[in-house]
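Asks: no FASTA, just this:
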């Protein structure tokens, strides 16, 4: 399992290192902006940031599958951690809300993305936005550091989602909360799609069922778990037919299975006995 997880991380690092060197237009030429799962010119998952305060076009690579800051309840002076921060798109929007007195920390495991995000922050003259190289399964931050965690279409790329959400819980302050946009499934993906590295990097085959996703949040100890927004992602047949034959495509559609974008909110409660949820003593 460990070797499989490391292989998946390697796939993601390789693909997103390439994306860091591309423009938004180039990245929008396939699902999730991954530039790899198909050749159609589709803008499938990403949302329009252009009307958001703090939006910076240089940081927008056309990635993401929602607007997590829209539901993040960020306040002036908050410490906000952006997991999978890419070129800094959501971090800069969060900074516009948290203000100069806030602190924004972006975490990304791709060196090329970190370099691009740092360059963008320097151009903008932001001294309260920093970007750190790190793994979401082992976030390089001390415990109880963040008021708010945001993330956009990244958790589906993390092999061990339980470990990742345990880490989100760890870095949040008691009464802190997160707003995360991500991809989930209803029904099953065909095996031929599950095995495709391109579809993993494209934010499809690493996704899990919505019910399983919400159960991981509950098991991690989060409360007030709320799906704030949900929409179906319609992957064009032209892309699916790269991995399925016509009969398999029709069977996939007839089963009512689908790929969905959700933006989910949850809180870390104020624990009374001071123990972590894994201890199961609260």
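Replies: Now that the structure is in, tell me what you want to look at. Keep in mind it's a predicted model, so treat the numbers as computed, not measured.
Asks: Please count neighbours and contacts with C-alpha atoms only from this point.
Replies: Noted.
Asks: so where do the strands sit in the stretch 151-282 of the chain?
Replies: In the stretch 151-282 of the chain, strands defined by DSSP state E, counting those that start in this stretch lie at 172-186, 208-209, 223-233, 258-267, listed in chain order.
Asks: what's the closest of those strands to residue 124?
Replies: Of all the strands of the stretch 151-282 of the chain, strand 172-186 sits nearest to residue 124, with 24.9 Å by C-alpha to C-alpha.
Asks: The closest one pairs with which strands, and in what direction?
Replies: Here strand 172-186 is paired, per DSSP bridges, with strand 146-152 (parallel), strand 208-209 (parallel), strand 258-267 (antiparallel).
Asks: any idea how far the second one is from the chain center?
Replies: Read it as strand 208-209. Put simply, strand 208-209 sits 14 Å off its chain's centre (C-alpha atoms, centre = their mean, to the nearest Å).
Asks: Kindly report the same for stretch 246-254.
Replies: 29 Å.
Asks: can you list the residues that contact it?
Replies: Contacting residues not belonging to stretch 246-254 are listed as 189-190, 237, 240-241 [C-alpha atoms under 8 Å, 6 or more residues apart in numbering].
Asks: just those: which has the poorest pLDDT?
Replies: Within the set of the contacts of stretch 246-254, pLDDT is lowest for residue 190 (79).
Asks: and it, backbone torsions?
Replies: Main-chain dihedrals, residue 190, degrees, to the nearest 10: phi -60, psi 150.
Asks: wait, what's in contact with it?
Replies: Residue 190 neighbours (C-alpha under 8 Å, 6+ apart): 248, 252.
Asks: Same question for the one 5 residues further on.
Replies: The contact partners of residue 195, by C-alpha under 8 Å, 6+ apart, come to residue 205.
Asks: coming back round to it: tell me the one among the contacts of stretch 246-254 nearest to residue 15.
Replies: Closest to residue 15, out of all of the contacts of stretch 246-254 and judged by C-alpha to C-alpha, is residue 240, at 19.4 Å.
Asks: Tell me, how many residues neighbour the closest one?
Replies: 17 (other C-alpha atoms under 10 Å).
Asks: ok, and which of the strands of the stretch 151-282 of the chain has the densest surroundings?
Replies: Ranked by mean neighbour count, the strands of the stretch 151-282 of the chain are led by strand 172-186 with a mean of 24 (mean count of other C-alpha atoms under 10 Å).
Asks: Please state the offset of that strand from the chain centre?
Replies: Centroid displacement of strand 172-186 relative to its chain, using C-alpha atoms, centre = their mean, is 9 Å.
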